[in-house]
Structure formats: C-alpha cells, structure tokens
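# Quick one, structure for this:
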Amino acid sequence: MPLNTGRIRVTHAGSLPRTPELLAANEKKEAEGITEEFLGLLETSVIDVVQRQKNLGVDIANDGEYGHTMSSSVDYGAWWNYSFARLGGLEATDVDRWADNQARRSSPGSIVLTSFTDRRDRVAFNDAYTDPSSGILANRKPVKQPKVAGPLTYTGHELVASDITNLKKGLDAAGLTEGFVASLSPGSCARIANEYYASDEELLYASADAMREEYKAIIEAGLTVQLDDPSLAESWDQINPEPSLEDYLKFIQLRVEATNWALRDLPQEQIRLHVCWGSWHGPHTTDIPFQDIIGAVLQINAGAYSFEAANVRHEHEWRVWEDTKLPEGKVIIPGVVSHATNVVEHPELVADRIERFAGLVGREAVIASTDCGLGGRVHPQIAAAKLQALGQGAEIASRRLWK
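Numbering: from 1, shown residues only. Got it, this is the predicted structure:
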C-alpha cells in the first residue's frame, strides 16, 4: 500500500449503513432470487455510497460491503456470513450462530471455540447480556450457521465480480483512485461446524485455498483486498476456560500460516489485514492484549495492518508501537474513531490519536480509519458524522505533521 505523501490519508474498516431500500431489496431477494431490478439498485447504491465517502473526506473507499448483505443476518453480520453463499461444501443447519452449538465444539483441534453464550465476557456479565434494556444484543436476529459437509470450494466468482464492477464504477464516478473490497480470512472462514475435515489444519488450508480465489479476483482487478480476521484476537475470549498464552499463540500461528498460504505470490501492496476483538457492544474485559499477538499479526504477508485503537478498551495500546518495529515499507491503519459509542469524536481528538501513531511509526505510514465497520453499529446519521470527524481530524493532523 502506498505511503502518505504530504498528508494523512483516510479510510474505514468496511461495513457502512445500508439504505432502507437496499435492506428491503435484500429481503425480497431471499424470496425471488437475484433480479435485474436488484442488481440495478445495488449498482446505484454502491455508486452513491462511494460518493458519500468522498464527500466526507475518505480517500480509500469501498462498496460499504453492500454486496455482502444477506437478509437472514443482522446488518453487521454480513462481514462473515456472506461467505455462506460463496462456498461449496456447506450444508444448512438449524443451529443459531449465537446459540449453544455442540456441533461446533466437536470441530477438530486441541483448542475448540465455544458458542457465544459460553464466551468468557458473556459469562462474566451474564446479567447485562441477558437484560434487553442493556442494548448489548439489541439488533440481534437469528443467524443460521451452516456446517462443512464436503470439500470446500469457491463458488462466488459472479458475486465478487459484481462487487468489483460496482466499486470501480463508484470510484470512477467519485474521482477516487484507491479502493478496497473486504473479504473473509481463512481463520474466520473456518469458524463453523465441521463434519468433513479430519483436523483443524486441514479445515484451515481448505478455507485458504477456497478464499484465495476471491483475493485473487480483487487484486487482479487493481483493487486492494482487506482480509477481515477477528479470529486472531477475538478467539481468545471464545476459549473457556482461558488457555495459556503459549497454547493460544500456537492456535493462531496455524491461522497465520494458512493465511500466508492463501496469499502466496500475491502483491503485499494490495493486501491489508483487519484485526479486531469483535465489534459487538459489550464490556470486552476478557480481550487479549494487543501486545500479546502483535508479533503474530505482523507475520501475515500484508502491506497494511488495520486494528482497533479508539474504543476505550484498546485506546491505550498505541504504546505497543514504542517497542514494536513496523516492517519497512508497510503501513498501519489504526482506528481513531470508534463504532462502539454514539458519541461523535471531536476532530481535535481524532488528530491527537493520529499524531500519536505518526510519532512512533512515521507520518508516511499512518492511514486514519475507524475501529470496525459502522454499518449496523450506529445510526446512519451518526455514522456519517463520525466519518466527517475522521476526515476533519486527518486534515488537522496533516497540517501539524507537514507544517
């Protein structure tokens, strides 16, 4: 990914709020299938959301993940479950992703992830999680999780081609030159029930081979692929009881190696990795510290690394870069605006956050971003205000850093 020249560039983490018309069209698509009417609305919606990003100060835009919507999911769940429609070898189940899932527990490997209801943050704050007035899971809908029942294959060529075409039309119309498409990482892809592969390693490498097809398509179109990989950080909280750090690092090391297998021979400058601790609105007291996994994250052959740095559980971790050297020619994409609060950050605060990172890794190597996707997490009006504050904060920081 190119370095900054003269100013701090701005991007975001992926998902943006869908319009009511697009959400309704996705519900209708479930019953009628993909129609010309739907495709037309999707194209115009993407062109519009790219233009809105440009107007709010975003330099590196995406399609809002509009091509990833599925009517059976919550808006913010599309980052993960969109892949169900793009992979062969899956079989439908009646298991809710969020419910107690014994089939998932039987997945191969020495470390096995629990269901959402058993994760340690959920157990520690059970009263809050089960109280509807807390708002933690206010937007949750049932999400049926499939299982792996045969060889994983990539079947989403037409769908990713649509994502690419619509984004490029939007970039051209807005006069932007840089764009990215979010895509599921092998490690996150493999976080479903498995009844076919004999080992965790087999499942991961099969996921890597399948998803590689999507990565290649995005890169060959001249765009940047963003690998969404909460599995590196978030999985820590999904192991109950808490494992040793040594065992966990072994667990994610296999995911790092599978990811690099999927990225083999692909240009790092068109690859960015997004790491987060799960974007739901919860206490997050059992999140693993960033410093414990930063070495593993930097092993992934990406040109840029996106991570949460604005929410109050992780903002202090900007200091990891005091002791961690960013590899030459690479960039970081820290979140300097949070998805986890309705409070809109002041541009001066955004600028201060940017300058902290610039002071440690260099002004050329910092691209300002959001912590996670804003779609489904804050009201569309608030999401727009946050992106505007992001752009304004980057302008302030740029004037200070290049004065």
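# quick one: contacts for Ser338?
Going by CB atoms under 8 Å, 6 or more residues apart in numbering, Ser338 touches 308, 310-312, 345, 370-371. Every residue, glycine included, has its C-beta placed from N, CA and C.
# May I ask which of the residues you listed has the most neighbours?
Per-residue neighbour counts (other CB atoms under 10 Å) across the contacts of Ser338 peak at Glu308, which has 30 neighbours.
# give me every residue that touches that one.
Contacts of Glu308 (CB under 8 Å, 6+ apart): 275-277, 314, 335, 338, 371-372.
# just how off-centre is stretch 346-356 within its chain?
23 Å (CA atoms, centre = their mean, to the nearest Å).
# re the thing from before, between the contacts of Glu308, which is nearest Glu32?
Cys372 (31.7 Å; CB to CB).
# Now the closest one. Nearest residue, chain neighbours left out?
Ser279 (3.9 Å; CB to CB, 6 or more residues apart in numbering).
# hang on, the one you found in a helix?
No: counting by DSSP: H, G, I helix; E, B strand; the rest coil, Ser279 is not part of a helix but coil.
# since we're on it, how many residues are nearby?
Neighbours of Ser279 under the rule other CB under 10 Å: 25.
# Quick one: residues contacting it.
76, 230, 339-340, 371-373, 377.
# low-scoring stretches of this structure, by residue?
70-77, 96-110, 137-143 (pLDDT under 70).
# cutoff 50 now
71-75, 100-106 (pLDDT under 50).
# Tell me what the residue most central in space within it is bridged to.
The centre of the chain sits closest to Asp228, judged by CA atoms, centre = their mean, with a distance of 3.8 Å. Note on Asp228: beta-bridge partners by DSSP bridges are Leu184, His274.
# Wait, it touches Ser188, no?
Yes: using CB atoms under 8 Å, Asp228 is in contact with Ser188, at 6.3 Å.
# Find residues that contact each of these two.
Contacts common to Asp228 and Ser188, judged by CB under 8 Å, 6+ apart, are Trp80.
# so which strand or helix has Gly27?
One correction, residue 27 is Glu, not Gly. Using DSSP states H and E, Glu27 sits within helix 20-32.
# quick one: contacts for the closest residue to Tyr205 other than its chain neighbours?
Counting by CB to CB, 6+ apart, Ala258 is the residue found nearest to Tyr205 once chain neighbours are left out, at 5.4 Å. Ala258 makes contact with 186-187, 201, 204-205, 207-208 under the criterion CB under 8 Å, 6+ apart.
# Equivalent analysis for Gln238, please.
Gln238 touches 113-114, 119, counting by CB under 8 Å, 6+ apart.
# quick one: the strands in this protein?
Assigned by DSSP state E, the strands in the chain fall at 60-61, 87-91, 147-154, 178-184, 193-194, 224-228, 271-275, 304-307, 331-337, 369-370.
# Out of the ones you listed, which is the most enclosed?
Ranked by mean neighbour count, the strands of the chain are led by strand 369-370 with a mean of 29 (mean count of other CB atoms under 10 Å).
# now for that one, which elements pack on it?
Under the contact criterion of 3 or more CB pairs under 8 Å, 6 or more residues apart in numbering; DSSP states H and E, strand 369-370 touches strand 331-337, helix 380-401.
# next one: the longest one to chain centre, how far?
Chain-centre distance of helix 380-401: 20 Å, with CA atoms, centre = their mean.
# For it, give me every contacting residue.
Under CB under 8 Å, 6+ apart, the answer for helix 380-401 is 6-10, 12, 16-17, 52-53, 56-58, 336-337, 342, 344-351, 353-355, 358, 363, 368-370, 374-375, 377-378.
# Could you pull out the buried residues of that helix?
382-398, 401 (16 or more other CB atoms under 10 Å).
# For burial, what's the neighbour tally of the nearest residue to Asn4 once chain neighbours are set aside?
Distance criterion CB to CB, 6+ apart; nearest residue to Asn4, sequence neighbours excluded, is Glu364 at 4.7 Å. Neighbour count of Glu364, defined by other CB under 10 Å: 15.
# For Asp63, see how far away Glu364 is.
27 Å (CB to CB, to the nearest Å).
# still on that earlier bit, so which of the contacts of Gln238 comes closest to Gly40?
Leu113 (40.1 Å).
# correct me, but that closest one touches Asp237?
No: using CB under 8 Å, Leu113 is not in contact with Asp237, being 9.5 Å away.
# When these two are compared, which one has more neighbours?
Asp237 (25 against 22).
# Check whether that one really touches Arg119, as I assumed.
Yes: with contacts defined as CB under 8 Å, Asp237 counts as touching Arg119 at a distance of 5.0 Å.
# Next, show the common contact partners of these two.
In contact with both Asp237 and Arg119: Thr286, using CB under 8 Å, 6+ apart.
# which stretch among the helices and strands packed on strand 369-370 comes nearest Gly150?
Taking the helices and strands packed on strand 369-370 one by one with CB to CB, strand 331-337 is closest: 36.4 Å.
# and Arg18, how many residues sit next to it?
The number of residues near Arg18, taken as other CB under 10 Å, comes to 22.
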